[in-house]
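Colleague: What follows is a predicted structure for the sequence shown.
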Amino acid sequence: ADGALMEKTIYMEKLAISLKLPIIKLVDGSSGGGSVTTIKTMGYSYIPPMPSFGFVVEQLNLGIPNLGAVLGPAIGLGAARVVACHFSVMAADVGALFNAGPKVVAGATFEEGLSFLDLGGPSMHCTNGTIDNLAANEKECFAQLRTVLSYLPNSGASLPPTLPSTDPATRLCPDLRTIIPRRKARMYDPRKIITSVADVDSWFEIGALWGTTAIVGLARLCGRPVGIISLNCEVNAGALDAAGSQKITRHLKFCDIFNIPILQFVDVPGYAIGTNAERTATMRHGVALATTYYSTTTPVFSVVTRRVYGVAGGIMLDCRDPRMRVAWPSGEWASLPLDGGIEVGHAAELKASENPKERYKELEDEYTRLMNPVRTANAFGVEEIIDPAVTRQIVAEWLKHVYEEILPSRLLDRANGKIHPTFY
């Protein structure tokens, strides 16, 4: 890890900024340009310099794509280079990442006999959000890097690339009419909604192994890149936890920095609750998510597929003015779900009732009638209720307008300093 590595690295970081071109970081080793033996060579010790990291931060916030792959043991500064990327992937067969290797760890923490995989393999870092994606090997890593690059502009000063598409905007998705179960307690696969609406074979998921209460990634509609955000009702009933909030926060910043509009499918019962949710600082990360929704400016279109409750639902659907959102007939919304909400709101009445169960059922039926989504639409509490089968058509029309009319103006605002997207 000695030689002219640092000088070469700094040159490449500067070159990426100057030419406004993506930079790919393939890491195997420390990649720091120094080691203990350097002290002997130089004849003195030194405070560790970080001359290149300022350029990295500049690239990230300029929207110059930084993509990294862990293709071996990534240690110290080498590990930091990958983690500081917009997107990162690890090769399952050879990749590992850690602050210090097993021998240093054994001397400092007395954890002996650790292998690279034990200390920082895929099961560690692809499930905690340190690394975005897992690949089987180097070849698959390169394939994922190419795929992500295909959605991104060369820099935040440009529009994302539009590709030719043979998938018509008018294609109907009739399966979506029945994907939401009639029984509220039953769940469904949200990814089927995403793949139905997006262009065929265009869905690329980011961070599938961590923050699993949320689903994020990239797709295309009529060839135009779009960021996808969805809640995952198959995990914790879709309640947004700390990790899920962090995952969506990161993806919002990712799309904002690259001028990528966002399509989100909303089915959220609120933030996660209980002792584990409190212990993991769910509200802290939930508020960070809220500030990101309200501080980013990339266009957002929301499709309410089922539940919208609490603060989590409110921030997801009220983060743009004017709002761009539609709802399916399966939509249901309120400050609190009926389960639990009736007991809280009518505690005294239920306690005084001669037949609490019967009175509860009467209240439940009354609230269910009042919560019919058509009543909300009649009061303009939701902009439009649509046939789920035409979701693709409606979103495609919106996205076409955004690319033709909104994003060019956004680029000018960015160039003139009216908006300042940041990734870190």
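Modeller: Received it, and whenever you're ready, just let me know what you need.

Colleague: Can you tell me the closest non-neighbouring residue to Lys25?
Modeller: If the residues on either side of it in the chain are set aside, Lys25 comes closest to Gly68, at 4.1 Å by C-beta to C-beta, 6 or more residues apart in numbering. To be clear about C-beta, it is placed using only N, CA and C from the backbone, and glycine gets the same treatment.

Colleague: Shouldn't the one you found be within a helix?
Modeller: No: Gly68 is assigned strand when assessed by DSSP: H, G, I helix; E, B strand; the rest coil, not a helix.

Colleague: I'd like to know how many residues surround it.
Modeller: Under the neighbour criterion other C-beta atoms under 10 Å, Gly68 is assigned a count of 27.

Colleague: shouldn't it be in contact with Val82?
Modeller: Yes: Gly68 lies in contact with Val82 (C-beta atoms under 8 Å); the separation is 3.7 Å.

Colleague: okay, and the common contacts of those two?
Modeller: When C-beta atoms under 8 Å, 6 or more residues apart in numbering defines a contact, the residues bordering Gly68 and Val82 alike are 25, 27, 88.

Colleague: ok, back up a step: which residues touch the residue nearest to Lys25?
Modeller: When contacts are counted by C-beta under 8 Å, 6+ apart, Gly68 is found next to 24-27, 81-85, 87-89.

Colleague: Nearest residue to Ala377 in space, please, no chain neighbours.
Modeller: Looking at Ala377 with C-beta to C-beta, 6+ apart, the closest residue is Ile385, at 5.0 Å.

Colleague: Could I get the full set of strands for this protein?
Modeller: Remark: strands assigned in the chain by DSSP state E are 23-29, 66-75, 87-91, 96-98, 133-135, 204-206, 214-221, 224-231, 262-268, 300-309, 325-327, 332-334.

Colleague: what about the ones you listed, which gets the closest to Ala143?
Modeller: Ala143 lies closest, by C-beta to C-beta, to one member of the strands of the chain: strand 133-135, at 7.6 Å.

Colleague: for that closest one, the distance to its chain's centre please.
Modeller: 15 Å (C-alpha atoms, centre = their mean, to the nearest Å).

Colleague: Could you name the helices and strands sitting against that strand?
Modeller: Here strand 133-135 touches strand 87-91, helix 138-151, going by 3 or more C-beta pairs under 8 Å, 6 or more residues apart in numbering; DSSP states H and E.

Colleague: So what's the gap between the shortest one and the chain middle?
Modeller: Think strand 87-91. Between the mean C-alpha position of strand 87-91 and that of its chain there is a distance of 15 Å (C-alpha atoms, centre = their mean).

Colleague: now swap in the longest one and tell me
Modeller: Counting by C-alpha atoms, centre = their mean, helix 138-151 is centred 18 Å from the centre of its parent chain.

Colleague: so what secondary structure elements neighbour that helix?
Modeller: Short answer (3+ C-beta pairs under 8 Å, 6+ apart): helix 138-151 packs on strand 66-75, strand 87-91, strand 133-135, strand 204-206, strand 214-221.

Colleague: One more pass at 7 Å, please.
Modeller: Helices and strands in packing contact with helix 138-151 are listed as strand 66-75, strand 87-91, strand 133-135; criterion 3 or more C-beta pairs under 7 Å, 6 or more residues apart in numbering; DSSP states H and E.

Colleague: which residues touch that helix?
Modeller: By C-beta atoms under 7 Å, 6 or more residues apart in numbering, the list of residues contacting helix 138-151 from outside reads 22, 24, 65, 67, 69, 71, 87, 89, 91, 133, 135, 160, 204, 218, 225.

Colleague: If we use 8 Å, what do you get?
Modeller: Contacting residues not belonging to helix 138-151 are listed as 22, 24, 65, 67, 69, 71, 87, 89-91, 94, 133, 135, 160-161, 163, 204, 218, 220, 225, 258, 260 [C-beta under 8 Å, 6+ apart].

Colleague: Quick one: buried ones out of those?
Modeller: The neighbour-count test (16 or more other C-beta atoms under 10 Å) applied to these identifies 22, 65, 67, 69, 71, 87, 89-91, 133, 135, 160, 204, 218, 220, 225, 258, 260 as buried.

Colleague: Great, nothing more from me.
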